[in-house]
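K.L.:
what follows is a predicted protein model with its sequence.
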Amino acid sequence: MQISVEIRGSDIYLEHDFELTMIRKAIFETKLHDLYAPLKEILGARNDLSADWSEVVWLAMMCCPLLTMNLLDVKRLSPALCWLGLAQAIEMGNRSLNEG
């Protein structure tokens with residue numbers, strides 16, 4: 001895997017060729033279709049989804065990796081992998097990127 005990080009002023013540029021492995025893709029798809037979708041359907045049927053439920057989901061997708069793992073722990077991860085993890089967390093929570 002190739003990762004490059006460049007800081008120009010207040011902007012950070014990260015380029016990488018990382019791709020999820022087949023098993024990680026399968027785990028993601030399983031969680032999406034067998035956990036998230038049915039839960040959303042059940043909560044919707046019970047009128048238990050708040051008006052801002054989709055915003056909460058997007059924020060949670062960004063916050064979960066930030067709260068469950070120290071993405072800046074250079075004892076566990078190389079600095080480049082720390083940047084990649086942070087970039088992926090931000091991308092997951094970036095609604096405008098994910099809605100097209």
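P.N.:
Arrived safely.
K.L.:
and Ser50, what are its phi and psi?
P.N.:
Reported as degrees, to the nearest 10, the phi and psi values for Ser50 are phi -70, psi 170.
K.L.:
Ala37: neighbouring residues, count only.
P.N.:
If you count neighbours by other Cβ atoms under 10 Å, Ala37 ends up with 11. To be clear about C-beta, it is placed using only N, CA and C from the backbone, and glycine gets the same treatment.
K.L.:
distance check, it against Arg8.
P.N.:
Ala37 sits 40 Å away from Arg8 when distances are taken as Cβ to Cβ, to the nearest Å.
K.L.:
how about Leu14?
P.N.:
Noted for Leu14: a distance of 12 Å to Arg8, by Cβ to Cβ.
K.L.:
and for Trp53?
P.N.:
Distance, Trp53 to Arg8, by Cβ to Cβ: 37 Å.
K.L.:
ok, the two, which is more surrounded?
P.N.:
Residue environment comparison for Trp53 versus Arg8 gives the larger neighbour count to Trp53, 12 against 7, counting by other Cβ under 10 Å.
K.L.:
contact partners for that one?
P.N.:
Listed by Cβ atoms under 8 Å, 6 or more residues apart in numbering, the contact partners of Trp53 are Leu43.
K.L.:
tell me the predicted confidence for it.
P.N.:
The predicted structure scores Trp53 at 90 on the pLDDT scale.
K.L.:
tell me the mean pLDDT over the helix or strand encompassing Leu86?
P.N.:
Using DSSP states H and E, Leu86 sits in helix 79-93. Along helix 79-93, the predicted confidence averages to a pLDDT of 86.
K.L.:
over to stretch 6-22?
P.N.:
93.
K.L.:
residues in contact with that stretch?
P.N.:
For stretch 6-22, with Cβ under 8 Å, 6+ apart as the criterion, the contacting residues are 1-5, 28, 83-84, 87.
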